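Q: missing the sequence, but the structure's below:
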């Protein structure tokens with residue numbers, strides 16, 4: 001079972017090195033994208049250390065802006081790099097630089113062996129009841145330009161039927177944003193996932209044949225949380241996509257943004273039975289990673305290959 005880890009990172013170079021060290025093993029490969037906006041010394045620290053490993057490749061750097069299409073483009077570039085390599089990979093695991101394994105890699109490899117050719121992507125149909133802000137209006141009526149956005153008007157905006165009677169004919173003649181290509185149903189989910197080779201190849205070929213699909217998401221807010229879920233669950237391969245996220249994440253209440261995990265979260269991390277967790281920051285609390293190494297990953301087949 002050959003696994004390619006596609007890791008997008010922009011800070012915490014020592015933590016990224018630690019992550020690769022912890023994941024490293026036989027038939028494991030790393031394709032790393034460092035945000036072009038990161039300080040040059042960040043890239044130098046990481047490359048000087050990780051270039052010692054023959055199974056580590058660096059993807060061409062682009063500016064990867066949080067919440068923008070560049071995050072999707074970085075993943076698609078990663079897919080191309082993996083496909084174009086000489087590695088006959090079985091799975092691609094997409095992580096951020098602030099993820100970390102919480103079960104031994106031997107267990108994760110066994111899980112993948114037992115479940116091929118399924119992919120593991122958490123998805124929820126839009127609108128998402130738990131998060132009122134995640135709705136079709138965000139995709140179809142909001143046109144984002146960085147921190148600014150244009151909101152297209154809609155019919156029946158007013159509580160008064162009389163006002164709507166005069167308003168609707170006007171708004172229906174205003175050019176509105178197009179619907180999702182191919183009348184696809186929108187889906188939402190975490191940006192991190194685990195894809196079987198067949199799904200990676202399907203996505204790569206699809207975006208080449210249908211660049212308009214990518215273009216639609218250029219002005220969507222946080223497109224990396226819609227793009228891959230929407231594409232896969234509307235595809236002919238949807239029956240081999242399991243609605244399952246393999247990572248433990250702790251969210252703020254009524255806010256789909258992850259909290260930083262700390263030592264007080266250890267029991268919940270341990271009880272989750274997940275394979276990964278996020279997000280961590282060694283500069284805030286490194287003891288939680290030490291605890292994971294000591295308790296959850298001790299006795300694994302892992303050996304440090306580099307000194308931090």
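A: Arrived safely, thanks for sending. This structure is a prediction, so every number in the text was calculated from the model and none was measured.

Q: OK, contacts around residue 34?
A: By Cβ atoms under 8 Å, 6 or more residues apart in numbering, the contact list for residue 34 reads 9-10, 42-43, 46, 58, 61. Where C-beta positions appear, they are placed from N, C-alpha and C, glycine not excepted.

Q: no, scratch that, I was asking about residue 4
A: Listed by Cβ under 8 Å, 6+ apart, the contact partners of residue 4 are 29-31, 82, 87, 89, 91-93.

Q: Adding distance to residue 37, pLDDT and neighbour count, write these out as JSON lines.
A: Shown next, in JSON lines, are those (distance: Cβ to Cβ, whole Å; pLDDT from 0 to 100; neighbours: other Cβ atoms under 10 Å):
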{"residue": "29", "distance to residue 37": "26", "pLDDT": "97", "neighbour count": "20"}
{"residue": "30", "distance to residue 37": "21", "pLDDT": "98", "neighbour count": "21"}
{"residue": "31", "distance to residue 37": "19", "pLDDT": "97", "neighbour count": "25"}
{"residue": "82", "distance to residue 37": "23", "pLDDT": "97", "neighbour count": "22"}
{"residue": "87", "distance to residue 37": "29", "pLDDT": "94", "neighbour count": "16"}
{"residue": "89", "distance to residue 37": "29", "pLDDT": "97", "neighbour count": "18"}
{"residue": "91", "distance to residue 37": "29", "pLDDT": "98", "neighbour count": "25"}
{"residue": "92", "distance to residue 37": "24", "pLDDT": "98", "neighbour count": "25"}
{"residue": "93", "distance to residue 37": "24", "pLDDT": "98", "neighbour count": "23"}
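
Q: In strands, which of those residues fall?
A: Taking DSSP state E, the ones among the contacts of residue 4 that sit in strands are 29-31, 91-93.

Q: Just name the closest of those residues to residue 223, please.
A: The closest of the ones in strands among the contacts of residue 4 to residue 223 turns out to be residue 92 (Cβ to Cβ; 18.9 Å).

Q: What distance do you get for that closest one to residue 80?
A: In this view, residue 92 and residue 80 are 11 Å apart by Cβ to Cβ, to the nearest Å.

Q: what's the farthest-apart pair in the contacts of residue 34?
A: Within the contacts of residue 34, two members stand farthest from each other by Cβ to Cβ: 10 and 58, at 13.8 Å.

Q: Compare the two (neighbour count), which wins?
A: Comparing residue 10 with residue 58 by other Cβ atoms under 10 Å, the one with more neighbours is residue 10, at 20 against 16.

Q: residue closest to the middle of the protein?
A: Most central in the chain under Cα atoms, centre = their mean is residue 191, positioned 2.2 Å from the mean C-alpha point.

Q: Now it: closest residue in space that isn't a chain neighbour?
A: Nearest non-adjacent residue to residue 191, counting by Cβ to Cβ, 6 or more residues apart in numbering: residue 224, 4.3 Å away.

Q: can you map out the helices along the chain?
A: If DSSP state H is used as the criterion, the helices of the chain fall at 13-23, 40-50, 69-84, 105-115, 136-140, 161-171, 197-209, 211-216, 227-233, 266-272, 287-291.

Q: could these be laid out in CSV, adding distance to residue 124?
A: As requested, these are exported to CSV (distance: least, Cβ to Cβ, whole Å):
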stretch, distance to residue 124
helix 13-23, 27
helix 40-50, 34
helix 69-84, 18
helix 105-115, 21
helix 136-140, 13
helix 161-171, 29
helix 197-209, 18
helix 211-216, 19
helix 227-233, 8
helix 266-272, 19
helix 287-291, 28
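
Q: do you know which of those helices lies nearest residue 128?
A: With distances scored as Cβ to Cβ, the stretch of the helices of the chain nearest to residue 128 is helix 136-140 (10.4 Å).
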